[in-house]
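Trainee: Okay, here's the prediction I keep looking at, along with the sequence it came from:
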Amino acid sequence: MKLKRILVILLVAISVFSLAACKGKETEVADKKDNKPAETKVDDTADDKGKDSNEEAPEPVTLRMAWWGSQARHDKTIAVIEMYQEQNPHVTINYEFYDFDGYFQKLNTLVASDDCWDIMQMGGNFPAYLNKILPLNDYIADGTIDTTNTTEAFLKTTRYNGVQVGVSNGVNTYGVAYDPAMFAEAGIPEPQEGWTWDDYAEICKKFKDELDIYGSSKFDDFAAGCGSGISQFGLEYNFYALTNDDLGFDDYTFLIDYIQMRADLTAYGAYPDPGAIAEIKDIEGDFLVTGEAAMTWVASNQFIALSEAAGRELNLVPIPRRTKDGPAGSAIQSSQMFSISTDSENPVEAAKFLSFFWSDDEANKILANERGLSIFSNVVRALEPDLTPEQIKVNEFVNLIGSYETGEVNPISPEPSQEIQDYYKLIIEKVIYGEMDADQAAKDFYDFAKSKFQ
Amino acid sequence: MKKVKSTDGKRISSIKALIYNETTAGYLFALPFIIGFLGFTIVPILSSFYYSFTDYSLGNKASWIGLNNYITLMGDKRFWNSVYVTFKYVLTSVPLKLIFALFIAMIMTRKTRLTGFYRSLYYVPSLIGGSIAVTLVWKELFSRRGLINQLLGMAGIGRVSWFGNQKVALIPLILLTVWQFGSSMIIFAAGLKQIPTTYYEAAKIDGANRRKSFFKITLPCLSPVILYNLVMQTISAFMTFTQAFVITSGGPNDATNFYALYMYNNAFTYRKMGYASAMSWIMLVFISIITLLIFKSSKYWVFNESDKE
Amino acid sequence: MSLKSKKRISNITYHLLVLIGGFIMVYPVLWMITGSLKNNTEILNGALSLVPPNWRWENFARGWRGFGGISFATYFRNSIIITSIATFGTVISSACIAYSFARLKYPGRKFLFTMMIMTMLLPGQVLLIPTYIIYNKLGLVPSPIPLLLPHFLGQAFFIYQMMQFMAGIPRELDEAAFVDGCSRYSIFTRIIVPLLKPSVITTIIIQFYWKWDDFQGPLVYLSQPTSYTVSIALKLFADSTSRTDYGAMFAMSTISLIPVFLIFLFFNRYLTEGISTSGLKG
């Protein structure tokens, strides 16, 4: 009896819910899918006031846009979207936001069904999505995207074999963050620009000896040992060839030193072992933040978050070099960009919005370089008065790296890069566990990477 | 059976006969499945089969490459490692989980006022599933300074680098699986409830002790449910993905690189959909064989009410 | 020692052992719940203490605020709607299909059953994209329909589970009813369904929390932030490229446990009632 009554209640509840859900569905479908008929209806009512003054109301347009990131980024980006919609009442932007992993899972399904967002945020892995990215060259040429306040060098950070795949939302570079107080405590001089990998290893071991902590927290091995590491052998080398269809060097022994150093430092206890590294999930867990290491690898646009998480004063120094006077191997790169997809039905409107997003002073006062240092000089100037000391530190650092003499650098990773990076991590672990020596590992890894381009 | 139907049939009209026909009823009841299978399942299955013979990568046109994916797989060391790791995981986690679930379900049959409360206590871990918070807790438990290592330290065994030592890295993942034994336990509990009390009463009169009635009554009566849990847990263990994905990302040195994880990475990280599809079809064959073996063996140990003819 | 005191001692040991075991089982959960009252450093460095040093209730307020102006109230509403409908669908459809496979004899039955088992053997990840393409061609994306429809078309895991339970219902019951003039349909509603109660309840409990937990489906098929489910929102806290507000994340994870736990508590009663009559005590 009791069960029956409960089942009845449950049934009623469910049918009420499903009614509500149906309603929700309808509005959602109207909003999204059949936007044309629904949109005109919406605009008739909403735009009445605007229409009187403006005879030629432009065709209403709906754009879909998505990005990944933190709560702060969601709030800021939405504020800018609302600002733009207010100024351009004919444009509706339906936005979606996710965490990093979710974003790419979703994007992958959209790619497979030719249903990508009009405007999509892209990181260094964009070559994998190349045939979904609309070239912006024409929009830049005809001024739809205003690039008067930026430079060719900056635009090149998001150009792939001549195709302008996007415009950078902000640039960054890699560096090493360290805690000066810990250096003082251990009686070790702070690292200086021009320090070498030998210096780095030395410092790591000293910290182990003096304070019994790791000298260094997790490094981005691939960026350090391959991305920068290869270029440090000479300005003419890159890990990936400039044409992005081959490796940019042919001597596998270039790879040995870094792998060997990593294995040595791990064995010494001066660098976290793979188990300890697995405990680092994000910035909060970084051993520099937790006080178990004195240095860590950092992307310049994350330096502020890192300092905040640590709650201590941190400094930023360029990554170590091979030799004191040799090439630095670091370069400025796009931290991420927005691209327009080839599935977009309104690429011109998307380009107009992005131009606003990238270079409008007011919009960028809201965005406040959260995605990296803006490449537009007017934005940099507009933000200048409100910079915090930490932000100034980061900007100066990026400018310093930007001033380095570099050869023809390739700041871009071609399609198989992710697989190659994973393999690099694996091969280092094999050396740490003594399954191969550094020379074998370097050779094996080189052959693996090379085979991905054949 | 047949006779009954035909005498029935004479009395009612032919339409009614059609409706009440066992075949019609069978298909009508199975209709949702048939619609779902034809509408939404068969095409994806067939297309994944087709992809396994192509170099399909997301967003690019697929072109036929014959058996190449399968041939490459045979020479892929990471693939073979993932097979090895997965087998190790399945063979340990499934029996542990089932024994544990059955054990707890049995304990919970003891009639006390607190049984409901106890059952909830043991079931809660399963309710939180694979959420990020849980995986974080798990990482914390097994971290270098985590509770497990503190306890080991107190016991004088010394710390273990759970995620850094290839030999033990699988253990935290196995324990996480076993810890979330709730759904199996619930199914066992429901199965236990179905066993008629009269069986036990009769056994008691015959002087059977507790152990005897467990082996002679509980296990045989529960055997369909055991079969079910065994098949399901084996299948889902072969497909385990989340734990390794969020806790170890397959490391160290690929020691926890489960088959499904490696497949996922091929599909979505390396974007080699064709290669991943080939992997999934090899997996399908593997699991089919194992499931079939379990089914075949079930004739000897599963006691089925409805098969008595 | 008298029989009575012996029994009492055995009772006390039983309760003690079960409680200790239970504590070990729920310890990680308690850690998560108390974590909702800690801040990041207290969570990550405070090791495994269950007592929050400062009771930071503000985590709940901060977490509840949600993302981009949409609070967790919306996410909870979406999740509850989707999960309830899906669970309802699973129970109805799976019971029908299970009855067909387990109790009726007709040509093609074995084949259908094999197909159903096969659908469980292919990992969802490779089927995800082809399935998405179908729904997309049908114009059902973005909408919650792809999340719900499959549940009305039977869930293999539960079909098979119900089949196994039906195997425990004596066939003589059906046959007797059939001889009495019951149709296959009324046998299902009058005999099988009532006897299937434990299995149905099991299905409700498990399907509810599976659906509640499901992240992939909502991620792929829903688009607007106002239609996000709790599972998506919880993931939003953990963007790997930025800082994570663990306190708020734990707070919301704790709240998200409540509906699942309530469903369990509510239905668990029907599993416990009478179960102990299996007489293991003797």
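Mentor: Everything's here; your move.

Trainee: mind listing the helices for the stretch 151-282 of chain C?
Mentor: With helices called from DSSP state H, counting those that start in this stretch, the stretch 151-282 of chain C shows them at C:156-166, C:171-179, C:184-187, C:193-195, C:197-213, C:216-221, C:230-236, C:246-272.

Trainee: Now that we have those, can you turn them into JSON lines and tack on mean pLDDT, mean neighbour count and distance to chain A?
Mentor: Bear in mind the C-beta positions are built from the backbone N, C-alpha and C, glycine included. Below are these laid out as JSON lines (pLDDT from 0 to 100; neighbours: other CB atoms under 10 Å in any protein chain shown; distance: least, CB to the nearest CB, whole Å):
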{"stretch": "helix C:156-166", "mean pLDDT": "90", "mean neighbour count": "24", "distance to chain A": "17"}
{"stretch": "helix C:171-179", "mean pLDDT": "86", "mean neighbour count": "15", "distance to chain A": "20"}
{"stretch": "helix C:184-187", "mean pLDDT": "88", "mean neighbour count": "18", "distance to chain A": "18"}
{"stretch": "helix C:193-195", "mean pLDDT": "87", "mean neighbour count": "13", "distance to chain A": "10"}
{"stretch": "helix C:197-213", "mean pLDDT": "90", "mean neighbour count": "23", "distance to chain A": "8"}
{"stretch": "helix C:216-221", "mean pLDDT": "91", "mean neighbour count": "22", "distance to chain A": "5"}
{"stretch": "helix C:230-236", "mean pLDDT": "90", "mean neighbour count": "24", "distance to chain A": "5"}
{"stretch": "helix C:246-272", "mean pLDDT": "86", "mean neighbour count": "21", "distance to chain A": "7"}
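
Trainee: As CSV, those helices with distance to chain B would be great.
Mentor: Shown next, in CSV, are the helices of the stretch 151-282 of chain C (distance: least, CB to the nearest CB, whole Å):
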stretch, distance to chain B
helix C:156-166, 4
helix C:171-179, 5
helix C:184-187, 4
helix C:193-195, 8
helix C:197-213, 4
helix C:216-221, 10
helix C:230-236, 6
helix C:246-272, 4
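
Trainee: Could you dump these into CSV with distance to A:Leu134 added?
Mentor: Converted to CSV, those look like this (distance: least, CB to CB, whole Å):
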stretch, distance to A:Leu134
helix C:156-166, 42
helix C:171-179, 64
helix C:184-187, 58
helix C:193-195, 56
helix C:197-213, 37
helix C:216-221, 23
helix C:230-236, 28
helix C:246-272, 36
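
Trainee: For B:Leu98, which of those helices is the nearest?
Mentor: For these, proximity to B:Leu98 was assessed by CB to CB; helix C:156-166 is nearest, at 14.4 Å.

Trainee: Please name every helix or strand in contact with that closest one.
Mentor: Other elements packing on helix C:156-166 under the criterion 3 or more CB pairs under 8 Å, 6 or more residues apart in numbering or on different chains; DSSP states H and E are helix B:182-194, helix B:219-238, helix C:72-103, helix C:109-121, helix C:197-213.

Trainee: what angle separates that helix from helix B:182-194?
Mentor: Counting by axes from the mean of the first three to the mean of the last three CA atoms, to 10 degrees, helix C:156-166 lies at 20 degrees to helix B:182-194.

Trainee: what about the residue of the stretch 251-400 of chain A found nearest chain B, which SS state?
Mentor: Nearest residue of the stretch 251-400 of chain A to chain B (CB to the nearest CB) works out as A:Gly275 at 2.0 Å. Put simply, A:Gly275 is helix when judged by DSSP: H, G, I helix; E, B strand; the rest coil.

Trainee: host element of B:Ser298?
Mentor: helix B:273-301 (DSSP states H and E).

Trainee: how far off helix B:219-238 does that helix point, in degrees?
Mentor: Using the same axes, to 10 degrees: helix B:273-301 against helix B:219-238 is 170 degrees.

Trainee: Helix B:273-301: how far from the chain's middle?
Mentor: Centroid displacement of helix B:273-301 relative to its chain, using CA atoms, centre = their mean, to the nearest Å, is 12 Å.

Trainee: still on that earlier bit, spatially nearest residue to the residue of the stretch 251-400 of chain A closest to chain B (excluding sequence neighbours)?
Mentor: Leaving aside its chain neighbours, A:Gly275 sits nearest to B:Gly164 (2.0 Å; criterion: CB to CB, 6 or more residues apart in numbering or on different chains).

Trainee: ok, back up a step: next, format the helices and strands packed on helix C:156-166 as TSV and append distance to A:Ile366.
Mentor: Supplementary listing: these in TSV, determined by distance: least, CB to CB, whole Å:
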stretch	distance to A:Ile366
helix B:182-194	47
helix B:219-238	47
helix C:72-103	24
helix C:109-121	49
helix C:197-213	36
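
Trainee: Least confident of these, on average?
Mentor: Lowest mean pLDDT of these: helix B:182-194, a mean of 84.

Trainee: Quick check: the gap between the residue in chain C that chain A sits nearest to and chain B.
Mentor: Residue nearest to chain A within chain C: C:Ser242 (3.6 Å; CB to the nearest CB). As defined by CB to the nearest CB, to the nearest Å, C:Ser242 lies at a distance of 15 Å from chain B.

Trainee: about what we covered before: show me the contacts for the residue of the stretch 251-400 of chain A closest to chain B.
Mentor: Applying CB atoms under 8 Å, 6 or more residues apart in numbering or on different chains to A:Gly275 gives the contacts B:Arg144, B:Ser161, B:Trp162, B:Phe163, B:Gly164, B:Asn165, B:Ala169, B:Pro252.
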